[in-house]
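# Just the structure for this:
(one chain, ligands or ions: 1)
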Amino acid sequence: MQSINLRKKFIIGNWKMHTTTADAARLAKAVVDGVGTEQQVVIAICPPFTYLALVGEILKGSYVSLGAQNLYPEKDGAFTGEISPTMLLDVGCRYVILGHSERRHILGESDAFINQKVLIALGASLNVILCVGETLDQRKTGQTETVLDRQLVQGLAGLSADNLPRLIVAYEPVWAIGSTGHHATPDQVQQAHTFIRRRFGDLFGEKAAQLLPIQYGGSVKPDNAAAFLSQPDVDGALLGGASLEADQFIAIVRAGISELKTEEKSTFPQSHNPNLERPQLNAP
Ligand code: PEP
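All right, here's what the predicted structure looks like:
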């Protein structure tokens, strides 16, 4: 399936379990200042739950959106220690990361549980970043496509066409995340993204597949960002480590902008999803 230039670049930072109150405020302010009035690339940061409200205040009036790293698939109730989609919306979140490999592999989340989260998040009008990706063992034993297939089919079960415009898929090979010493090549990433887009097309139709933003995540840094972002099916980056340094984060945003210019993406008004794809100035 050939890609067409309908998709923006999404640069999203996952702060994981890092920062303190002071660090979070400093980092968020530096990102807002660095991004300035940039609107060509969609930008979001996902701090820990405890700093969402604080960071949300700092992002007001900027083009940087707020995201969360997880949620519990219920509106409210007796779920000690959990956070609902309603609570995320209440503090100004527009995005939520679901199915991150650290939640799959460290916290034992199943595809079925992730699917419940995806459905409730989309139902609550949050934009969802669904992470998929194989482990090193799975890649070495030739199971990459089987794993991606399972994570997509099960993770996206029951999605309606109305929900598709708020979905981003992030390809994150587990072996390339963090300081593992392993790096995916741009070719490997493009191959996986092509597979994801093709399978998404089988599930939801070719038009939806062409419009689906697919981010890459796995040790993306300022010095390799352009190589990934220039791949035809790479529509942005999900950043871990690099999102904790404002300079690195902004440098990758700039790489995304340069890539858009290179691709001469003059067809943006055709975007299927103004809510997801057009950066919004957060209400002050
Ligand atoms: C991640 O955990 O989603 C990630 C991409 O991390 P890093 O950029 O540090 O590899």
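# burial measure for the residue of the chain found nearest the ligand, as a count.
Closest approach between the chain and the ligand, counting by Cβ to the nearest ligand atom: residue 240, at 2.2 Å. C-beta: built from backbone N, CA, C; applies to glycine. Neighbourhood size, residue 240 [other Cβ atoms under 10 Å]: 20.
# how far away is it from residue 263?
Counting by Cβ to Cβ, to the nearest Å, the separation of residue 240 from residue 263 is 26 Å.
# hmm, back to that, can you tell me, leaving aside adjacent residues, what's nearest to the residue of the chain closest to the ligand?
Nearest non-adjacent residue to residue 240, counting by Cβ to Cβ, 6 or more residues apart in numbering: residue 14, 5.4 Å away.
# Show the contacting residues for that neighbour.
Counting by Cβ atoms under 8 Å, 6 or more residues apart in numbering, residue 14 touches 46, 69, 97, 100, 217, 238, 239, 240, 243.
# What residues are bridge-paired with the first one?
Residues in a beta bridge with residue 46, per DSSP bridges, are residue 14.
# Up against the ligand, what does this protein have?
The chain comes close to the ligand at residues 14, 172, 177-178, 217-220, 238-242, as judged by Cβ under 6 Å from any ligand atom.
# Show me which of these are buried.
When these are checked for burial by 16 or more other Cβ atoms under 10 Å, the buried set is 14, 172, 177, 217, 218, 219, 220, 238, 239, 240, 241, 242.
# Dump the contacts of residue 14 into CSV; add pLDDT and secondary structure as well.
Rendered in CSV, the data for these read as follows (pLDDT from 0 to 100; DSSP: H, G, I helix; E, B strand; the rest coil):
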residue, pLDDT, secondary structure
46, 98, strand
69, 98, coil
97, 98, strand
100, 98, coil
217, 98, coil
238, 98, strand
239, 98, strand
240, 98, coil
243, 98, helix
